[in-house]
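Participant: Got a predicted structure here, sequence first:
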Amino acid sequence: MAPLLSVNNLVVEFPTRRGILRAIDNVSFEIARGETLGVVGESGAGKSLTGRAVIGLLQRPGRIASGEVWLDGTRIDQMPAREMRKIRGRRIGMIFQDPLTSLNPLYTVRRQLVETILTHTNATVREAEQKSVRLLDAVGIPAAETRLDSFPHQFSGGMRQRVVIALALSADPDLIIADEPTTALDVSVQAQVLDVLKTLGEERGTAVLLITHDMGVIAEATDRVMVMYAGRRIEMGPSADVIHAPKHPYTVGLMGAIPNPDAEADRLTQIPGAMPSLKAIPPGCAFHPRCERRFTPCDCTVPAPQPEGGSSVACHLYGPAEAAA
Amino acid sequence: MNALVTVENLTRTFDVSKPWLNRVIERSPRRRLTAASNVSFEIERGKTFALVGESGSGKSTIAKMIVGLLEPSSGTIRVDGTDVWGTDRAATAKLRRRVQMIFQDPYASLNARWRVRDIVAEPIRTFALLEGRAVDARVAELLTLVGLNPEDATKFPHEFSGGQRQRIAIARALSSNPEFIVCDEPTSALDVSVQAQILNLMRDLQDKLGLTYLLISHDLGVVRHMAARIGVLYLGRIYEDAPAKTLFSTPKHPYTQMLLAAIPKLERATGRRKPLAGEIPNPIAPPPGCTFHPRCPRRFAPCERDAPPPVRAGGHRVACHAVAHEDA
């Protein structure tokens, strides 16, 4: 079956006075219907930009320099703004990190939900209201009918994020892009919101692109994961494989750096240094200055993604021997 | 146990009433928020005690009272026998040098107009520990200790990354040769790989200098990695206080159990679990009795009436009617 979303060789650039900064460099991935793909990386890795590029919300002067974004057989990266607006919200829903800034504080939840449903579907006002109740119910807001007339500030953080998810679902999109949906929430509430997101894929067949910096969230809620570093895709594979048997030295380091609540380790794995700035991405493999296993080709050639087990890794340590030599 | 820090019945309330005129017109009473209620714990010399809790549980309020930034409504804090909020001014002034703090946001806690040298040397000058050239030599030594370069002393904070800034903040905290450091979410603003560097550094410094830490965090993984003993806060009360190992292996309080079950775990890839219900209630009008009872799966009659007193249960101090009942 053809994937729902496919992104091919996406390059996002920011022209500046001092030259062009390449924020996303040749990133490709696919999402099938009902699948949850995680995008993980540290700050500055290009996770959020990837999500924004897919829905055509790059902030100027950022632009897609090359590559293609296909949604269900239609190419959407070059679509005129007016048509793109119909796709956004209708076919692709969005959830952002801070639920308070993504809701309008002056309108009741009813008005925001109904307005969104009316904009994107042919429903009548009455149908839209009924649907609003069903949506709030589906995301686990108790007493949905009465809460419909509340304003965003009358909800707690976790409930607010549920309202945002309900809004994103209001036009039954095929794909939801969730950018750090649980980062602003407490652990106990985070678990609840992740549960709602997981149910989406299972019950409605909605695909989810889940952007997060938290490997725990990835383990909990995704089927496959793409690890990003300095705007590049360095590893991609089934979440369980990437977490339990990471291949790229950066992923290995990242996994070792997470303090595990179930086991006592004397020292955490340390990756020296920090993510490079876009202004100074090292030549060759962007990770090589921090990598303990670097060798000759690492500082001159950018490694291409190689299939390795069920995953794909962009590292000179893997792949055909002659390519490494 | 050789306790360096002893906290007894620490309570802090904030007046969150509306202004006088509004109260008169709307006939609304004064409203108080209890941020910390009867908090007691001890920290062993050279060890790390951690306070964990969700937002609004009173972690930072307690930290501020312990370092002397916020006056308690009642209760006492003793560091090495000296009352932090006692009337003996000379004694508390001496104590100031021995207690330092590291803050969450290294972008806000360093003065952007000061050079690193002046930031790190400020406590040395304040307490008149060294003079002249010796100050610069000490700053260079401290910067090396936290993994920076002595040449960094002439730079400004904006020239550093988040992790490096937190190293500067640590160097500043160490410059007055403290014995006790309160760390309020020291790594929550940092990426995991950088967080690992800072946590490793903090542990190395503890071994090298014999420091005692109070670690405030919402991240159970961080707490497990760093602390010898952990206090679990909920709405300003410590509901469980136990050695790190047994707290994670055999949590006794239903809230602790719930919190541990809620952490997204790497092992659980593709697994599914039941998330816990409800959220932290409004601290201005907390539920009566045990403040956790509306979310508690084990609640029974007394929970809605009385606040549970802490009881000892196998190395743990647990404030729960259900746990007390089953032991009795």
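Facilitator: In hand now; what should we look at? Nothing here was measured: the structure is a model prediction, and the numbers come from that model.
Participant: which residues are in contact with the helix or strand hosting A:Glu145?
Facilitator: According to DSSP states H and E, A:Glu145 maps onto helix A:144-147. The set of residues external to helix A:144-147 that reach it, using CB atoms under 8 Å, 6 or more residues apart in numbering or on different chains, is A:Val109, A:Val133, A:Arg134, A:Leu136, A:Asp137, A:Ile141, A:Phe155. To be clear about C-beta, it is placed using only N, CA and C from the backbone, and glycine gets the same treatment.
Participant: Now with 7 Å, please.
Facilitator: Residues from elsewhere that reach helix A:144-147, judged by CB atoms under 7 Å, 6 or more residues apart in numbering or on different chains: A:Val109, A:Val133, A:Leu136, A:Asp137, A:Ile141.
Participant: Could you list the buried residues of the helix or strand harbouring the fourth one?
Facilitator: Element membership of A:Asp137, judged by DSSP H and E, is helix A:125-138. Of the residues in helix A:125-138, A:Ala128, A:Glu129, A:Lys131, A:Ser132, A:Val133, A:Leu135, A:Leu136, A:Ala138 count as buried by neighbour count, 16 or more other CB atoms under 10 Å in any protein chain shown.
Participant: now swap in stretch B:104-112 and tell me
Facilitator: For stretch B:104-112, using 16+ other CB under 10 Å, the buried residues are B:Gln104, B:Pro106, B:Ser109, B:Leu110.
Participant: which among these gets closest to A:Leu278?
Facilitator: Top of the list for closeness to A:Leu278, among the buried residues of stretch B:104-112 and by CB to CB, is B:Pro106 at 21.5 Å.
Participant: Now do the same contact list for A:Gln306.
Facilitator: Contacts for A:Gln306 (CB under 7 Å, 6+ apart) come out as A:Ser312, A:Val313, A:Tyr318, A:Gly319.
Participant: how much space is there between the third one and chain B?
Facilitator: Between A:Tyr318 and chain B the distance is 21 Å, computed by CB to the nearest CB, to the nearest Å.
Participant: For stretch A:90-106, which residues meet the burial criterion?
Facilitator: Residues of stretch A:90-106 classed as buried under the neighbour-count rule (16+ other CB under 10 Å) are A:Arg90, A:Arg91, A:Ile92, A:Gly93, A:Met94, A:Ile95, A:Phe96, A:Gln97, A:Asp98, A:Pro99, A:Ser102, A:Leu103.
Participant: give me the number of residues near residue 12?
Facilitator: This is for chain A. When neighbours are defined as other CB atoms under 10 Å in any protein chain shown, A:Val12 has 23 of them.
Participant: not quite, I wanted chain B
Facilitator: 22.
Participant: again, but for B:Arg133
Facilitator: A count of neighbours around B:Arg133, defined by other CB under 10 Å, yields 8.
Participant: and the gap between it and chain A?
Facilitator: Looking at B:Arg133 against chain A, where the rule is CB to the nearest CB, the gap reads 32 Å.
Participant: do B:Leu148 as well
Facilitator: According to CB to the nearest CB, B:Leu148 stands 13 Å off from chain A.
Participant: Could you check which helix or strand contains the nearest residue to that residue once chain neighbours are set aside?
Facilitator: Closest residue in space to B:Leu148, ignoring its immediate chain neighbours: B:Arg167 at 5.5 Å, by CB to CB, 6 or more residues apart in numbering or on different chains. When secondary structure is defined by DSSP H and E, B:Arg167 falls within helix B:162-174.
Participant: right, and the helix or strand after that helix?
Facilitator: Sequence-wise, the next helix or strand downstream of helix B:162-174 (DSSP H and E) is strand B:180-184.
Participant: Looking at the helix or strand that that following strand is followed by now, give me its mean pLDDT.
Facilitator: Once the chain leaves strand B:180-184, the next helix or strand it forms, by DSSP H and E, is helix B:192-209. Averaging the model's pLDDT scores along helix B:192-209 yields 93.
Participant: now for helix B:192-209, which elements pack on it?
Facilitator: For helix B:192-209, the contact count by 3 or more CB pairs under 7 Å, 6 or more residues apart in numbering or on different chains; DSSP states H and E identifies helix A:249-257, helix B:162-174, helix B:220-226 as packing neighbours.
Participant: can you list the ones you listed in JSON lines and add mean pLDDT, distance to A:Arg18 and mean neighbour count?
Facilitator: Formatted as JSON lines, the entries for the helices and strands packed on helix B:192-209 read as follows, by pLDDT from 0 to 100; distance: least, CB to CB, whole Å; neighbours: other CB atoms under 10 Å in any protein chain shown:
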{"stretch": "helix A:249-257", "mean pLDDT": "91", "distance to A:Arg18": "27", "mean neighbour count": "22"}
{"stretch": "helix B:162-174", "mean pLDDT": "94", "distance to A:Arg18": "23", "mean neighbour count": "24"}
{"stretch": "helix B:220-226", "mean pLDDT": "91", "distance to A:Arg18": "38", "mean neighbour count": "24"}
